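Visitor: generate a structure from the sequence data that follows.
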Amino acid sequence: YEGCIDAIGAYAPITFTIVDVSDYEGSYRVQIAEQDSTLVADVTFDKAGAHTVLLALESPGKAFLRLTLLTDTGLRFQQDFCLAYNVSFFRPLKLFVLIPLLVASAASLLYRKNRLALL
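Guide: Have a look, this model is predicted:
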């Protein structure tokens, strides 16, 4: 999943900045769609600037997304990106299981060794 944005959780915040130095007074429509054109988000903003859209995530996976900006005047901008979600979750989970198991095993071995030494 190299080159992908990595997200963990139920929602992935997609933050983008609309840059407009003109005196445009209309609205900005932002659509986020999957590679197969399935629309994931469709929101409208009244002004330029930084905005965040929360995308709902399901089971672990990877999606190639396209963010499209449309204005009332016909301006169109597209940006493609990759989002890997809940994929890296299992890496730290192994450690959360392994470390307590190792500590318990070490404690058990030390207790047994000390007990045998007393006899």
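
Visitor: residue ranges with poor pLDDT in this structure?
Guide: Per-residue confidence for the chain (pLDDT under 70) gives these ranges: 1-2, 88-91, 113-119.

Visitor: now the helices for it?
Guide: Assigned by DSSP state H, the chain shows helices spanning 90-118.

Visitor: mind listing the strands for it?
Guide: 5-7, 11-18, 28-34, 39-45, 49-56, 61-71, 76-85 (DSSP state E).

Visitor: just how off-centre is the fifth one within its chain?
Guide: The chain centroid and the centroid of strand 49-56 are separated by 12 Å, computed with CA atoms, centre = their mean, to the nearest Å.

Visitor: who does it pair up with?
Guide: Its sheet considered, strand 49-56 pairs with strand 11-18 (antiparallel) by DSSP bridges.

Visitor: quick one: the strand it pairs with to strand 39-45, angle?
Guide: Here strand 11-18 points in a direction 50 degrees away from that of strand 39-45 (axes from the mean of the first three to the mean of the last three CA atoms, to 10 degrees).

Visitor: got the angle for strand 11-18 vs strand 28-34?
Guide: Using the same axes, to 10 degrees: strand 11-18 against strand 28-34 is 140 degrees.

Visitor: just to revisit the earlier point, could the strands of the chain go into a markdown table alongside distance to residue 97?
Guide: Just so you know, the C-beta spots here come from the backbone N, C-alpha and C atoms, and that holds for glycine as well. Shown next, in a markdown table, are the strands of the chain (distance: least, CB to CB, whole Å):
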| stretch | distance to residue 97 |
| --- | --- |
| strand 5-7 | 21 |
| strand 11-18 | 26 |
| strand 28-34 | 33 |
| strand 39-45 | 33 |
| strand 49-56 | 28 |
| strand 61-71 | 23 |
| strand 76-85 | 22 |
